[in-house]
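Engineer: sequence? don't have it. structure:
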């Protein structure tokens, strides 16, 4: 595994500090996607390299689990593919350890590997976010 991939894995893991679980306002594209606006805000923050927006709706553990430097590293890596375009497909949700977990598949227009987006909420706060 390359150092960059290791860093991304570490950063996304740290996004859920304290959890053993692995985006701007808008209407949900599908009624089965109850928290799509949260995903959209997080993804737009990654695309814009906007750390403040990324952690704004997070729990205290989420906010302290990712440093600005770590976030910027991930944003820099994800940006080229995201700018070319991608589509999100809602996969479903589940409950884990008293929290709500939502899953999406990001399919990129470059035709390369997809990304699994995993969003963990406790109440209305982001407790974790992974891009794998």
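Structural biologist: That came through fine. This structure is a prediction, so every number in the text was calculated from the model and none was measured. Residues are numbered from 1 along each chain as shown.
Engineer: count of residues packed around residue 131?
Structural biologist: Counted with other C-beta atoms under 10 Å, the neighbours of residue 131 add up to 20. From N, CA and C alone the C-beta is placed, and that goes for glycine too.
Engineer: Repeat that for residue 98.
Structural biologist: Residue 98 has 6 neighbours, counted by other C-beta under 10 Å.
Engineer: quick one, phi/psi of residue 98?
Structural biologist: Per-residue torsions, residue 98: phi 80, psi 10 (degrees, to the nearest 10).
Engineer: which non-adjacent residue is nearest it?
Structural biologist: residue 122 (7.4 Å; C-beta to C-beta, 6 or more residues apart in numbering).
Engineer: what sits opposite that neighbour in the beta ladder?
Structural biologist: Taking DSSP bridges as the rule, residue 122 bridges to residue 125.
Engineer: Next one: it relative to residue 61, how far apart?
Structural biologist: With distances taken as C-beta to C-beta, to the nearest Å, residue 122 is found 10 Å from residue 61.
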